[in-house]
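Participant: Got a sequence here, can you model it:
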Amino acid sequence: RREMAQPRRQAAAAADCMQDDTDFEDRVQRVMSIILKNLRDREESLQEAFGKYAEGPNHVLSLTSFRVLLVDECEITDPDILTYLVDKAARNGENSELDYTQFFKEIIVDNIVHQLRLQGTNLRVLFRQYDEKCYGYITASQFRAMMKSICALTEHEIQFLIDLVDESGTGRMNYHALFHRFYQTPHLIAQHQLWMTSKSHTIRAVCVIARHGARFPLKPFLHNSHWPKQKEFWASYGGRLTPVGTQQCFRLGERFRQKYIVRDGLLEDQAPELGLRVQAFTSNQDRTLMSAQSFLLGMFPHSPPMFRLESSDSLGASQQTPSTAGGLPVYVFEDEYTPMLHGFKENKAYKEIKERSFEHGKFKEWAEIPEYKELTAKLWRMTGYKKIHPARGTLQSLQSLQSVAQQIAIERAHQMDILQNEFGECLQVADEERIREVADYICRLRYQGLLPADQRSMARLAAGTLPATIVRQLTKVAESKERAGFFTLYSAHDNTIMAMLAHMGFRDFPIPAFAAYIAFELHELDNEFFVRLLYNPDPEFYGFPDEPLCADSDLRACEYVRIPADGHIVEWKSRERGDMTLADFETRLMKDRSSFENEEMWRAAAEATSAPSPTDMFTNKGKEAESFALQPFDQQVAGHKDTIMTHGERLCKRLNANELEFYRHVNAQSDLPAFDAGVGPHPLLELIPKFFGVLYVGENLQARFHVEKPPSSKRRTSGARRESNDSTFSAFSAYAPTSQARRDSDPDNQIPPPAADGAQLPPQQQQQQQ
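Facilitator: Modelled structure (predicted):
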């Protein structure tokens, strides 16, 4: 915390200095406004005042004459302001001389910019007001009216500005020329550069993965009174973004504007080249496309979008030559599914692991519990959803409850009575809690599997090429010498976010609601780059750490978190808070997790005929795994006959998902320092069997062993390691996969050599077993 607070203190001190500079600039401009008013009260123009002191045939002022003019004609008595104006003229003049054009630009243009800032007026907005028909330009008469709305100017001064902006004399002035004449003076450029390089301004780029807003359901629930049953309706509107979803994304964009434009100063949103620094990518679906447009309108309300249909092959080339037309580019993939946003689609390898996970999940246990049987029957009566028809059985119905949970979220977002039906049945709190429990389990099972090793393989495949894309975006900004900001939006789905969270090594994370997002921020401080990662699962309840609503307790503040190191998997509640260096971020996301560098690598892995499940991967890559036979455990005194078997000195029992989760949780702390310190070995370790891992059983009881290694190898102490012969007996669980899995390398799985079948147990263990 002290390390994190130090940059903030430095930034706060720099911000105070910057504020002092801004206050002085405001004082100078207030003085100049008074000077201009006094000259007009004397019916004397700025040009006439300048002419009194001009010298030589070129009609220029020396810096000495300029000082005299400021004192005698402008009546400036403040020595600091006087010195400031003379020094500024010296920087902008040539050969220590100042002509009237330079003088006029210094006084009038700076005064106009100052008046715009005082009025809180955006120049782009003002331009749009006078370009009523959106032709992209304003005429001289429209320009004249616009200048008079800002401050009092003489006709001579307005004509001077017209000549300054419309150099070619066409009578038409576009926004690009107007902005550069007003905001690109040497003084204002220097001021902006000073701010961009100050320690109070660290942010350089932001990449955001956002879920779309609330949508229409994808399919009809026949008993639900809120929605029509006709196929024609669903063919036209199924899955489309609703007005409520549009509002959610627009409001989210407004909050991003306050965070990154107003408070952090990531971008100058008045700049005409904004399209070079802002871009959005969206899947080829209405709900993501409309969500991206709504978000951008909220964040950049005065910059129109510009849509482009792109293929995966042409995307890279189009990004190299972004448009300067003034619009914000929105890249729409022409394919329905792409590896960047849909790594979990059209992926045989991922599908195989997912199906195996669902086969051995908790559904069989739940299906035997009366409350869950009653729940599925009740939901069938309320919805008529064909996938939970009683004829399909409780187990199959439970596996389809995620669609029911989505329906509940959609209707709640639109303030409808939940699952209103013609039979008058109502949902109870306990019902929704069970629905949420099963639905959240389904969502996590898709990308976590049953074991951390499954998660590494599934999430890597499902995340596709998005991790590499984000790393390249941030690295490119860091390598650039520019200090202007960049913003990238990926408008996608809840599955895109969940796949990314799982791939980054988080387990049991909050399920993303509508408009949820992951934000990657690139910062620079003292020429060192670092990354901040933030996940907001529901913007209705969570906000940025510096968001005013969080300070008022209306929202809960999200926290910046680190990606687990060395490819480890951690529960979300145990996540590590803080920042990462850019190099560390790239290592943790790309190297440690073997992220796909490009689409070709992803397709090669996705099209594999058999899933490369890490649960079957051995460290000896390319070698065949050893097989061993299980033997009956003839010392068993209770329970089913085939419940326990032996492999050497280890006992094996059928896999139970709850039991596996328990052992995994306790075993994860086996190599940590003292438990009394709050982080060490769990006290239950001395009272329970030692957990080795999972045994995968094939035909004829031929088994392959997978050991689970504790997640932290860097925090071990010599006194904390527990020797294998300290345990009275050892246990691990087993289940039979539906098909043989391919094996590959896995840095976290170390398989000990198996004991010989039929080996005798040590005497102490024999005595305790008996």
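
Participant: List the contacts of whatever helix or strand Ala605 lives in.
Facilitator: Secondary-structure element containing Ala605, defined by DSSP states H and E: helix 599-606. The contact list for helix 599-606 (Cβ atoms under 8 Å, 6 or more residues apart in numbering) reads 312, 339, 343, 346-350, 461, 464-465, 596, 612. Where you see a C-beta, it was placed from the backbone N, CA and C, and this is true even at glycine.

Participant: Are any of these buried, and if so which?
Facilitator: 339, 343, 346-347, 349-350, 461, 464-465, 596, 612 (16 or more other Cβ atoms under 10 Å).

Participant: I figured Phe486 hits Arg204, correct?
Facilitator: Yes: the criterion here is Cβ atoms under 8 Å, and Phe486 meets it with Arg204 at 7.3 Å.

Participant: which residues do these two both contact?
Facilitator: Val477.

Participant: coming back round to it: return the subset of the contacts of helix 599-606 lying in strands.
Facilitator: Applying DSSP state E to the contacts of helix 599-606, no entry is found in strands.

Participant: nearest to Ala499, of these?
Facilitator: The shortest gap between Ala499 and any of the contacts of helix 599-606 belongs to Gly343, at 6.1 Å (Cβ to Cβ).

Participant: List the contacts of that closest one.
Facilitator: 350, 461-466, 499, 602, 606.

Participant: please redo it, this time with the cut-off set to 6 Å
Facilitator: 462-464 (Cβ atoms under 6 Å, 6 or more residues apart in numbering).

Participant: Enumerate the beta-bridge partners assigned to Arg215.
Facilitator: Leu241 (DSSP bridges).

Participant: Which pLDDT value goes with it?
Facilitator: We have a pLDDT of 97 for Arg215.

Participant: do the same with Lys133
Facilitator: 90.

Participant: Next, it: secondary structure please.
Facilitator: coil (DSSP: H, G, I helix; E, B strand; the rest coil).

Participant: What's the separation between it and Ala152?
Facilitator: Per Cβ to Cβ, to the nearest Å, Lys133 is found 28 Å from Ala152.

Participant: Just want to know which of those two has more residues nearby.
Facilitator: Using other Cβ atoms under 10 Å as the criterion, Lys133 and Ala152 rank with Ala152 on top: 12 against 5.

Participant: how much space between that one and Asp131?
Facilitator: 23 Å.

Participant: residue ranges with poor pLDDT in the stretch 151-300 of the chain?
Facilitator: Where the stretch 151-300 of the chain drops to pLDDT under 70, the residues are 184-200.

Participant: could you pull out the helices for it?
Facilitator: Under the criterion DSSP state H, counting those that start in this stretch, helices of the stretch 151-300 of the chain are mapped to 155-165, 175-183, 186-196, 231-237, 243-256, 286-299.

Participant: So which of these is the most surrounded?
Facilitator: helix 286-299 (a mean of 24; mean count of other Cβ atoms under 10 Å).

Participant: list the buried ones in whichever helix or strand comes after that one?
Facilitator: Using DSSP H and E, the helix or strand that follows helix 286-299 towards the C-terminus is strand 305-310. By 16+ other Cβ under 10 Å, the buried positions in strand 305-310 come out as 305-307, 310.

Participant: what is the mean pLDDT for strand 305-310?
Facilitator: If you average the pLDDT over strand 305-310, you get 89.

Participant: partners of it in the sheet?
Facilitator: strand 328-333 (parallel).

Participant: now the partner strand and helix 286-299, what's the angle there?
Facilitator: 170 degrees (axes from the mean of the first three to the mean of the last three Cα atoms, to 10 degrees).

Participant: what comes into contact with strand 328-333?
Facilitator: 275, 278-284, 289, 292, 296, 303, 305-310, 323.

Participant: So what's the residue count around the closest residue to Trp234 other than its chain neighbours?
Facilitator: Among residues not flanking Trp234 along the chain, Pro220 sits closest, at 5.9 Å (Cβ to Cβ, 6 or more residues apart in numbering). Close neighbours of Pro220, defined as other Cβ under 10 Å, add up to 19.

Participant: gap between Pro220 and Arg588?
Facilitator: 44 Å.

Participant: In the stretch 651-770 of the chain, where is pLDDT below threshold?
Facilitator: 668-681, 696-770.

Participant: in the sheet, who's paired with Arg172?
Facilitator: Here Arg172 sits in beta bridges with Thr139, as judged by DSSP bridges.

Participant: Actually, Leu98.
Facilitator: Here Leu98, judged by DSSP bridges, has bridge partners Leu61.
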